[in-house]
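[1] coords please:
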Amino acid sequence: MGNLGELMESAFVRVKLVAFVHFLFIANGMLGQINGAYEFYNFLFIISMFWTMHSKDSIEPVQTALIIDASSIFFDIVCIVVMFYTSNGWAITFQIINLLIRPISVILLYREFNARGGNMQTGSVFPTTQQRSYQDIDRPVQTEPTTSSAGPNVASIF
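    As a prediction, this is how the structure comes out:
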């Protein structure tokens with residue numbers, strides 16, 4: 001087996017690694033007394049990671065996992081601060097470690113997103129001032145019929 005750099009550039013190793021590591025830390029982080037928000041967004045993240053592994057060519061699952069993972073950084077901070085004194089040390093430790101590895105997983109998911117052909121353009125989400133070309137369906141363009149000797153003329157049958 002090659003070095004770690006070659007392994008991380010492999011097709012789906014990044015996604016599987018991110019899913020496994022976060023699953024390990026989320027499962028241990030949920031061993032303490034937690035609130036429902038922590039369960040909810042981490043459940044959505046793990047489901048989006050499974051979706052990403054299943055749809056190997058699509059960029060939408062990776063984009064969904066990337067957005068949930070990036071927003072989970074803020075949500076983790078809030079949940080850790082709110083539940084710090086009521087949860088046990090084991091769970092809080094794994095929640096903090098999970099929070100610390102989230103930026104790394106965001107980078108890995110972004111690389112996977114780019115490898116699948118995705119790009120983050122603001123014009124695709126937000127309106128722009130650029131004029132887009134469109135087809136005017138009120139005035140259809142007249143085209144000259146092309147003659148082809150590919151087969152019999154269907155109109156001559158009737």
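
[2] and Y38, what does it touch?
    Shown in contact with Y38 (CB atoms under 8 Å, 6 or more residues apart in numbering): G29, M30, F75, D76, C79, M83, Q95. Using the backbone N, CA and C atoms, a C-beta is placed for each residue, glycine as well.

[3] correction: I77
    Taking CB under 8 Å, 6+ apart, we find I77 in contact with L99.

[4] Dihedrals phi and psi, it?
    The phi/psi pair for I77 (degrees, to the nearest 10) reads phi -60, psi -50.

[5] For T86, see how far away it is.
    Relative to T86, I77 is positioned 16 Å away (CB to CB, to the nearest Å).

[6] Next: V18.
    Distance from V18 to T86, by CB to CB: 29 Å.

[7] Can you flag the buried ones in the contacts of Y38?
    Using 16 or more other CB atoms under 10 Å as the burial test, the contacts of Y38 include G29, M30, F75, D76, C79, M83, Q95 as buried.
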